[in-house]
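Undergrad: The following block contains a protein sequence and its predicted model.
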Amino acid sequence: MDKIVIVEDDVLLREEMQNILEKQGYVVECITSFNDSVDDIISAAPSLIILDLNLPNLSGFEICRRVKAKGIGPIVVLTSRNQLNDELHALDLGADDYLTKPCHPRRLIARVQKLLTIYSTISPILDAGDFKIEDLSNRLLVGKKSIILSDNEGIIMKELVKSSPSIVNKEKLFQLLWGSSQFVDENILQVNMTRLRKTLEEVGLAHRIKTKRGIGYYLEGDDSQ
């Protein structure tokens, strides 16, 4: 079942949208604290995000940029800002649609349904700055070069990108790769990391993965930025 996350600080509007979408059969989660909006959205693992622009602490523009870089979307911007420059800026940051308030519920639902249908047929792309990964195919792209990661390599690399710049601890990787750390020797994880680094040498990215001894792994910053 599709899950929609609403990022809106107007409580009445937020509750109204939640009610409308739930009546359409969607699972709805609302962001009500705006201290860690990006992390909260990522944790919710949404099928679609409805995003206001005028938000406390972090603007909707910046949230849009950061969330899309993690390969999460689609994003429908719903805002009172009706200037063309705002719309173009949001679309340039990765927003998939731009609606202005007030918005008729049927229009909002139609846009939501359309984007969910489109996204069900395409592979999201995770953007790490100097390289990208197609989520479904595990194809990693660096400029004009590309390689296909194995299933385990793809799982590790995508988690490192999604969590960047934070460390991905070993327990998390055990869970993603084998469902549990029980009965799995830590050497097996090290072997998988060695294979991934060797694969990344083909496109000059082996140096991007760093080890935090005794804890886990992380992506070092993009040298191109």
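TA: Thanks, I have it. These figures come from a predicted structure and were not determined experimentally.
Undergrad: Go through the lowest-mean-pLDDT helix or strand in the chain and flag the buried ones.
TA: Ranked by mean pLDDT, DSSP states H and E, the weakest helix or strand in the chain is strand 125-127, scoring a mean of 83. Across strand 125-127, burial judged by 16 or more other Cβ atoms under 10 Å covers I125, L126, D127. Every residue, glycine included, has its C-beta placed from N, CA and C.
Undergrad: helices or strands up against it?
TA: The helices and strands touching strand 125-127, judged by 3 or more Cβ pairs under 8 Å, 6 or more residues apart in numbering; DSSP states H and E, are helix 60-69, strand 132-134, helix 151-163.
Undergrad: Swap in 10 Å and give it another go.
TA: helix 60-69, strand 132-134, strand 139-142, helix 151-163 (3 or more Cβ pairs under 10 Å, 6 or more residues apart in numbering; DSSP states H and E).
Undergrad: Each with direction, which strands does the third one pair with?
TA: Same thing as strand 139-142. Using DSSP bridges, strand 139-142 pairs in its sheet with strand 132-134 (antiparallel), strand 145-148 (antiparallel).
Undergrad: quick one: average pLDDT of the last one?
TA: Over the span of strand 145-148, the pLDDT mean works out to 90.
Undergrad: quick one: contacts of that strand?
TA: 131-132, 134, 137-141, 153-154, 199-200, 202-205 (Cβ atoms under 10 Å, 6 or more residues apart in numbering).
Undergrad: are any of these buried, and which?
TA: The neighbour-count test (16+ other Cβ under 10 Å) marks F131, K132, E134, N138, R139, L140, E153, G154, T199, L200, V203, L205 as buried among the contacts of strand 145-148.
Undergrad: Roughly how far does the last one sit from N152?
TA: Applying Cβ to Cβ, to the nearest Å, one obtains 17 Å for the distance of L205 from N152.
Undergrad: do the fourth one as well
TA: According to Cβ to Cβ, N138 and N152 sit 10 Å apart.
Undergrad: Give me the below-cutoff pLDDT ranges for this structure.
TA: 123, 222-225 (pLDDT under 70).
Undergrad: Dihedrals phi and psi, the residue lying farthest from the centre of the chain?
TA: Distance to the chain centre peaks in the chain at F183, reaching 31.2 Å (criterion: Cα atoms, centre = their mean). As for F183, its main-chain torsions (degrees, to the nearest 10) stand at phi 70, psi 10.
Undergrad: How about V38?
TA: Torsion angles, degrees, to the nearest 10, at V38: phi -60, psi -50.
Undergrad: so who does the residue farthest from the centre of the chain touch?
TA: Shown in contact with F183 (Cβ under 10 Å, 6+ apart): no residues.
Undergrad: Send over the helix or strand hosting L12 as CSV, restricted to the C-alpha atoms.
TA: For L12, the host element (DSSP states H and E) is helix 11-23. Output of helix 11-23 as CSV, limited to C-alpha atoms (Å, rounded to 0.1, in the frame of the first residue of the first chain):
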residue,chain,number,x,y,z
VAL,A,11,-1.9,22.0,11.5
LEU,A,12,-5.4,22.4,10.1
LEU,A,13,-4.3,22.0,6.5
ARG,A,14,-2.1,19.0,7.4
GLU,A,15,-5.0,17.3,9.1
GLU,A,16,-7.4,18.1,6.2
MET,A,17,-5.0,16.6,3.7
GLN,A,18,-4.4,13.5,5.9
ASN,A,19,-8.1,12.9,6.1
ILE,A,20,-8.6,13.3,2.3
LEU,A,21,-5.7,11.0,1.4
GLU,A,22,-6.7,8.3,4.0
LYS,A,23,-10.2,8.3,2.5
